[in-house]
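Trainee: Sequence first, predicted coordinates after that:
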There are 2 protein chains.
Amino acid sequence: MQTKEQLLESKDIRVTAMRLLIYKFLAQKQVAVTLSDIENAFEKADRTTLYRTVKTFEEKAIVHQIDDGTGITKYALCEKGCNCEIETDLHLHFHCNNCNETVCLTEHKIPQIKVPNGFISEDINLVVKGICDKCSGQ
Amino acid sequence: MQTKEQLLESKDIRVTAMRLLIYKFLAQKQVAVTLSDIENAFEKADRTTLYRTVKTFEEKAIVHQIDDGTGITKYALCEKGCNCEIETDLHLHFHCNNCNETVCLTEHKIPQIKVPNGFISEDINLVVKGICDKCSGQ
DNA sequence: CAATAAATGCACTTCCATTGCACCTATTTT
DNA sequence: AAAATAGGTGCAATGGAAGTGCATTTATTG
Ligand SMILES: [Mn+2]
Ligand SMILES: [Mn+2]
Ligand SMILES: [Zn+2]
Ligand SMILES: [Zn+2]
């Protein structure tokens, strides 16, 4: 088992106090977060630093971006061994219309989607909107 | 066969010169358009008018909004008899990474998507990204 | 024709994303 | 260890898209 520091280093990300904090924040979250969420959690830090940290995480593929249709970009840590880039490894996202939270359904891979002749599929974004398990009370 | 004027009236949309022009513009387009696209097509008209016209069209369900992940909202006319609101009638959208255009694949309905217990699906957005038929040269 | 309602235009605002540049901090080189 | 370099952080400013309040114009109704 590697420490969080080791994980960052293994991904070629220099470890700084800030980065470690942000990483831990993301790791502890069960839902996708916006930049504002991170801002609120780290009021002492500058917006830009948070922005660029998440960008770096994204480039180094330890975080993936989520467009859930709210117009605000959200982020979530990749699962270990996740291959976000590979089309066959894409999971779907669920956005709750009630609590407004978005979660990764990493167990739910996106099914094979047929496209018409001549079209070449490279990437798929599938977002289901509705009521989440916490809000449905079931 | 009804005229475009009659179609608008049947949907409870007052016919104005501007609305008719915008409707015709959308009808003639084979791809989803942004507000900027409409702006460029009607430079004499005010942005707000175009914005509110499209909003009206959307409310009256002759246009549907498309979030293709580019961060810019796009719009396209609904097919006749289309029921965008009904989950079973949702079609998928294709965004070309090459020409940057987005098209409705109205023939390609979104398949049934399983969500975990407790989650209730109300709406689905499915966008496939890749190379379109025009760009793939096939 | 007067009264009313709806559509349009202008100006302004908000919100998120992004960048340039200066400064600080860590790492590497001499 | 000191100097040089690269990378990280903070501040300020920008840009784009979306949305709103209000005045004016245009259409509808009685
Ligand atoms: Mn995810
Ligand atoms: Mn469509
Ligand atoms: Zn919820
Ligand atoms: Zn194309």
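Mentor: Nice, thanks for sending it over. Ligands and ions are numbered 1, 2, ... in the order given.
Trainee: so who does whichever residue of chain A sits closest to ligand 1 touch?
Mentor: As assessed by C-beta to the ion, ligand 1 sits closest to A:Cys104 within chain A, at 3.1 Å. Quick note: C-beta positions are derived from backbone N, CA and C, even for glycine. With contact set as C-beta atoms under 8 Å, 6 or more residues apart in numbering or on different chains, A:Cys104 has these partners: A:Ala32, A:Ile66, A:Ala76, A:His91, A:His93.
Trainee: Flag every buried residue along stretch A:122-138.
Mentor: Neighbour counts using 16 or more other C-beta atoms under 10 Å in any protein chain shown place A:Asp123, A:Ile124, A:Asn125, A:Leu126, A:Val127, A:Val128, A:Lys129, A:Gly130, A:Ile131, A:Cys132, A:Asp133, A:Cys135 of stretch A:122-138 among the buried residues.
Trainee: Next: stretch A:89-101.
Mentor: In terms of neighbour count (16+ other C-beta under 10 Å), stretch A:89-101 has its buried residues at A:Leu90, A:His91, A:Leu92, A:His93, A:Phe94, A:His95, A:Cys96, A:Glu101.
Trainee: What strand or helix carries the residue nearest the centre of chain A?
Mentor: The structure's chain A has its C-alpha centroid closest to A:Ala76; by C-alpha atoms, centre = their mean the separation is 2.2 Å. Using DSSP states H and E, A:Ala76 maps to strand A:74-77.
Trainee: and that strand, C-alpha only, in CSV?
Mentor: The C-alpha trace of strand A:74-77 is given here as CSV (Å, rounded to 0.1, in the frame of the first residue of the first chain):
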residue,chain,number,x,y,z
LYS,A,74,-17.1,19.0,-11.6
TYR,A,75,-14.2,16.8,-10.7
ALA,A,76,-13.7,13.4,-9.1
LEU,A,77,-10.7,11.2,-8.4
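Trainee: Low-confidence stretches in chain A?
Mentor: A:86-88 (pLDDT under 70).
Trainee: Where does it get nearest to ligand 4, residue-wise?
Mentor: For chain A, C-beta to the ion, closest residue to ligand 4: A:Phe119, 9.1 Å.
Trainee: Next one: that residue from A:Ala17, what distance?
Mentor: Distance from A:Phe119 to A:Ala17, counting by C-beta to C-beta, to the nearest Å: 47 Å.
Trainee: hang on, the earlier thing: out of the buried residues of stretch A:89-101, who's nearest ligand 3?
Mentor: Nearest member of these to ligand 3, counting by C-beta to the ion, is A:Cys96, at 3.0 Å.
Trainee: can I assume that closest one is in contact with A:Thr70?
Mentor: No. At 10.8 Å, A:Cys96 does not count as touching A:Thr70 under the criterion of C-beta atoms under 8 Å.
Trainee: quick one: common contacting residues for these two?
Mentor: What both A:Cys96 and A:Thr70 touch, as defined by C-beta under 8 Å, 6+ apart, is the set A:Thr102.
Trainee: for stretch A:46-59, which positions count as buried?
Mentor: Buried-residue list, stretch A:46-59, by 16+ other C-beta under 10 Å: A:Leu50, A:Thr53, A:Val54, A:Thr56, A:Phe57, A:Glu58.
Trainee: secondary structure element for the residue in chain A sticking out farthest from the centre?
Mentor: Distance from the C-alpha centroid of chain A peaks at A:Asn117, with 32.0 Å (C-alpha atoms, centre = their mean). Using DSSP H and E, A:Asn117 falls within no helix or strand.
Trainee: Look at A:Ser121 and tell me its secondary structure.
Mentor: Three-state assignment for A:Ser121 (DSSP: H, G, I helix; E, B strand; the rest coil): strand.
Trainee: ok, the nearest residue to it once chain neighbours are set aside - contacts?
Mentor: Distance criterion C-beta to C-beta, 6 or more residues apart in numbering or on different chains; nearest residue to A:Ser121, sequence neighbours excluded, is B:Gly130 at 4.5 Å. Contacts of B:Gly130 were listed using C-beta under 8 Å, 6+ apart, and they are A:Val115, A:Phe119, A:Ile120, A:Ser121, A:Glu122, A:Asp123, B:Phe94, B:His95, B:Cys96, B:Asn97.
Trainee: Look up how far B:Lys134 lies from A:Pro116.
Mentor: In terms of C-beta to C-beta, A:Pro116 sits 12 Å off from B:Lys134.
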